[in-house]
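In: kindly generate the corresponding structure for this input.
(one chain, ligands or ions: 2)
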Amino acid sequence: MATPVIGQARRGVAAAEPPASPASPASPASPASPALPASPVSPVSPVSPSPLATLLAPTSIAVIGASRTPRTMGNQVLRNLIHQGFTGPVYPVNPGARSVCSVRAYPSITDIPEAVDLAVIAVPQESVAKVAAECGKSGVRGLIVISAGFKEVGAEGAARERNLVEVVRRYGMRMVGPNCMGVINASPDVMMNATFAPYMPPFGAAAFVSQSGALGVSVLDYAREYGIGISQFVSVGNKPDVSGNDLLEAWEHDDTVKVILMYVENFGNPARFLQIASRITATKPIIAVKAGRSKSGARAALSHTGALAASDAAVDALLAQAGVLRAATIEELFDMAMAFGVRSLPRSRRTAVLSNAGGPGILAADAMEGCGLELVSPTTATVTAIKPLLPPGVPVRNPLDLIASATPAGYRSALTSLLQDPMVDCVVPIFIPPLGVDQEAVATAIVNASRARPDKPVLAVLMGRKGLSEWRAELHHAGIPTYIFPESAARAIAALNRYREMSQRPRETPAPLPVDRAGAAAIIAQARGEGRTRLNELEALALLDAYGVRVTRARLARSREAALVAACDLGFPVVMKIVSPDIVHKTDVGGVALDIRDEHAAAKAYDRIISETGHRAAGARVQGVLVAPQVDASGGRETIVGFARDPLFGPLVMFGLGGIYAEALRDVVFRIAPLTQRDARDMVSGIRGTSLLDGIRGQPSVNREGLQEVVRRVAQLAVDFPEIGEVDVNPVLAFEHTVVAVDCRVVLSAVANNAGPH
Ligand code: ADP
Ligand code: MG
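Out: Ligands and ions are numbered 1, 2, ... in the order given. Next up is the predicted model:
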């Protein structure tokens, strides 16, 4: 073998070797002809399309730790490669055997006379690094490390993992794993099942990356059972080298991959994910299931935003911003994945349902409306066309009930008419097999009717498992995904619509607004200079003001007399609030007085605030009392805008329904700063109670653009000042024309911490 050159691409080195037997194709599947003679690499092999090409589509594979004992991982991987038809040569490596599975074995990778592209390693944990180094020396370019016993088992394993990664980098290799299930490429020109899962999934449009190996096995089973085509499957394991992000990049330009599925437990580099996934989702859908709650939940919070950011808000924000569809369960993931087998995306949410039984039709209609789909009434032309198919007096409706005696011809005519209806953009034929109807003929009728309008998606519901498998293939082949339950079809169509809406919206980049950054910096520097990590309310409002957010004019009064002067100057009615670095929620300790109408009331309010907070927040340092004009809140809505920082995801900006009930309502939406205008729009329209911002109960609708701008300005503050840990603007009062902040809390972080690790 050629001496390997560290860090250099190895395909060229291997290609320089004269092939042992250039003409004969490899036939490793046959035990009678062991995979020796074929050339592992064509001398004119083109430049790799992706840095992961060796891992995803290798030309030759060694299995290190290819045991002769059945049901061991190494044995199973070898068997899978051989019996499921890997298209290149396979070399078992086993120091104690002359052959494994009838294929000649080698004592070590260095003994294999031909160049090897990829090595699958299934040896005990302590030997992995040594074996990996031998692979590196032999010119192997990719490793799949199945062996466990690394980072997942604690400090000692983590050290072992670092050492392994160091070896991989030293030889310029790429590695999937350790602690993974392996890689599958079901493409007919590769046919690699380098996993210990017993089956190859049917080849198809989906690529799947899974952070859990165990789940991977059941996912592949499910894919096989439901006929979901998988082109590539990668179990990434501990992912110290090849990550989910790397795979997204590899699949971005792979035309065999039409939809990307992800099972994610944690994001290593959310910023990079956002960048890559946003790009991909413009042209191919990504569907993700995220398991596990975010660790940041444990963070102690000094603000509403901090407390509310504790759940997996960051993940939701990340996926939404990247245009990724989030599935709640694996089942839903597959329902959605299957949906993308449609011939084309629906042009709108207008959907029609037809069935041969009333109940399922109604269930479907309910489920669809629950998913935001619209069941439109058929046009007069459609009604006229369908009427003769029904017994006299039975109405033509959506959902359309063809009743139990519906024939294949009836299905065909009704479906044809609905697909021709200009109001309908997607049709769901539901079929419950009654006795005496030729089920296969119905499936064929559905296929034939849908042929006329390939521009409109058809998703079938064939209730009852029996018989389903026989027709499913025919329907899937015709681009008609099939489901057992109407609810699954409804979710799937909703996902198609969401994807269309997301992929069609223009891509925006965050555009900064003009702000007084120096003014803001001075306020922060002042507090820092005094060794404080909290701004008082006046400073916090001044900070917002510097960032272009409209705030109430507030004054600090250190005595009753000063408070009276301030109140008279500002003009009644006024509000008064305690100013103390030790009080977080002022209302809770009697620190707020509203609707103060005259001097007498002002004097009383001042005294009450001082004495009550003296009791209820004993020991708190009091700097004085803030006096501000009372904003007439009638016709306004109280909202909350803020941000908290996640150590990995960065600044999580929040918008929600606010006031003192913000935490009770929990009606909030997060996005990760920096924000685009669209992000801000999505946030304001994304809360459950968004209709409260419209005209309601005689109140006018509020200025949504103004709210969006406040959200963007607060997000900009988060980006510009990593030393600000948390901001809570609560409430932001929104009116028909104006938006004004009347309370703000700002917490400085001990150390600047803005971004993830890389
Ligand atoms: P905290 O949140 O610390 O309890 P706030 O300053 O937010 O104190 O005051 C509590 C509530 O009082 C606000 O949610 C708002 O409804 C009302 N409020 C506060 N300041 C004003 C103001 N300047 N004008 C009108 N209402 C106000
Ligand atoms: Mg408040």
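In: chain neighbours aside, what residue packs nearest to M576?
Out: A593 (4.7 Å; Cβ to Cβ, 6 or more residues apart in numbering). Every residue, glycine included, has its C-beta placed from N, CA and C.
In: pretty sure that neighbour sits in a helix.
Out: No. Counting by DSSP: H, G, I helix; E, B strand; the rest coil, one finds A593 to be strand, located in no helix.
In: centroid-nearest residue for the chain?
Out: Centroid check for the chain by Cα atoms, centre = their mean gives L319 as the closest residue, at 3.5 Å.
In: just to be sure, it is in a helix?
Out: Yes. Per three-state DSSP, L319 lies within a helix segment.
In: which non-adjacent residue is nearest it?
Out: Nearest residue to L319 in three dimensions, chain neighbours excluded: R326, at 4.9 Å (Cβ to Cβ, 6+ apart).
In: tell me which strands the one helix or strand that neighbour maps to pairs with, and in which orientation.
Out: Element membership for R326, per DSSP states H and E: strand 325-327. Note on strand 325-327: by DSSP bridges, its sheet partners are strand 286-290 (parallel).
In: wait, what's in contact with G658?
Out: Neighbouring residues of G658 by Cβ atoms under 8 Å, 6 or more residues apart in numbering: 304, 638-641, 730-732.
In: one step back: so the residue nearest to L319 touches D312, yeah?
Out: No. Under the criterion of Cβ atoms under 8 Å, R326 lies out of contact with D312, with a separation of 10.1 Å.
In: what residues are shared contacts of these two?
Out: Common neighbours of R326 and D312, counting by Cβ under 8 Å, 6+ apart, are K290.
In: how far away is whatever residue of the stretch 651-758 of the chain ends up closest to ligand 1 from P95?
Out: Ligand 1 sits closest to D743 of the stretch 651-758 of the chain, with a gap of 3.2 Å, by Cβ to the nearest ligand atom. Distance of D743 to P95, computed by Cβ to Cβ, to the nearest Å: 72 Å.
In: show me which of the two is the more surrounded one.
Out: Higher neighbour count among D743 and P95: D743, with 29 against 9, using other Cβ atoms under 10 Å.
In: for that one, what are phi and psi?
Out: With angles defined as degrees, to the nearest 10, D743 sits at phi -150, psi 140.
In: for I144, same thing?
Out: Dihedral angles phi and psi of I144 (degrees, to the nearest 10) take the values phi -120, psi 110.
In: hang on, the earlier thing: show residues contacting the strand holding R326.
Out: Applying Cβ under 8 Å, 6+ apart, the contact partners of strand 325-327 are 285-290, 316, 319-320, 333, 335-336, 495, 498-499.
In: closest to ligand 1 among these?
Out: Checking the contacts of strand 325-327 against ligand 1 with Cβ to the nearest ligand atom, the nearest one is D316 at 25.7 Å.
In: mind checking the SS state of that closest one?
Out: Secondary structure, three-state DSSP: D316 is helix.
In: hmm, back to that, now the strand holding R326: mean pLDDT?
Out: Mean pLDDT, strand 325-327: 93.
In: what separates that strand from the chain centre, distance-wise?
Out: Computed by Cα atoms, centre = their mean, to the nearest Å, the chain-centroid distance of strand 325-327 equals 6 Å.
In: same question, stretch 273-290
Out: Taking Cα atoms, centre = their mean, one finds the center of stretch 273-290 at 7 Å from the center of the full chain.
In: name the residues of it that are buried.
Out: Of all the residues in stretch 273-290, those buried under the rule 16 or more other Cβ atoms under 10 Å are 273-274, 276-278, 280-281, 284-290.
In: tell me the one of the residues you listed nearest V627?
Out: Distance to V627 across the buried residues of stretch 273-290 (Cβ to Cβ) is lowest for L274, with 43.9 Å.
In: ligand 1 contacts on the stretch 451-600 of the chain?
Out: Contacts of the stretch 451-600 of the chain with ligand 1, taken as Cβ under 6 Å from any ligand atom, map to 552, 575, 577, 585-587, 592, 594.
In: out of the residues you listed, which is nearest to E508?
Out: Nearest member of those to E508, counting by Cβ to Cβ, is T552, at 32.0 Å.
In: just the element for the closest residue to the closest one other than its chain neighbours, please.
Out: Take T552 and drop its neighbours on the chain: the residue closest to it by Cβ to Cβ, 6+ apart is A628, 4.4 Å away. Per DSSP H and E, A628 falls inside strand 624-629.
In: ok, now I260?
Out: Following DSSP H and E, one finds I260 within strand 259-264.
In: tell me what angle the very next helix or strand once past that strand forms with strand 286-290.
Out: Next helix or strand after strand 259-264 toward the C-terminus (DSSP H and E): helix 270-280. Counting by axes from the mean of the first three to the mean of the last three Cα atoms, to 10 degrees, helix 270-280 lies at 150 degrees to strand 286-290.
In: any idea of the mean pLDDT for helix 270-280?
Out: For helix 270-280, mean pLDDT is 94.
In: what's the angle from that helix to strand 259-264?
Out: Angle, helix 270-280 to strand 259-264, by the same axes, to 10 degrees: 160 degrees.
In: helix 270-280 - contacts with which helices or strands?
Out: Contact analysis of helix 270-280 by 3 or more Cβ pairs under 8 Å, 6 or more residues apart in numbering; DSSP states H and E lists helix 244-252, helix 313-322 as its packing neighbours.
In: pull the CA atoms of it into CSV?
Out: Taking Å, rounded to 0.1, in the frame of the first residue of the first chain, the C-alpha atoms of helix 270-280 are listed here in CSV:
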residue,chain,number,x,y,z
PRO,A,270,-27.8,25.4,17.1
ALA,A,271,-26.5,28.5,15.3
ARG,A,272,-25.0,26.3,12.5
PHE,A,273,-28.2,24.2,12.4
LEU,A,274,-30.2,27.4,11.9
GLN,A,275,-28.1,28.5,9.0
ILE,A,276,-28.0,25.1,7.2
ALA,A,277,-31.6,24.1,7.9
SER,A,278,-33.0,27.5,6.8
ARG,A,279,-31.3,27.1,3.5
ILE,A,280,-32.4,23.5,3.0
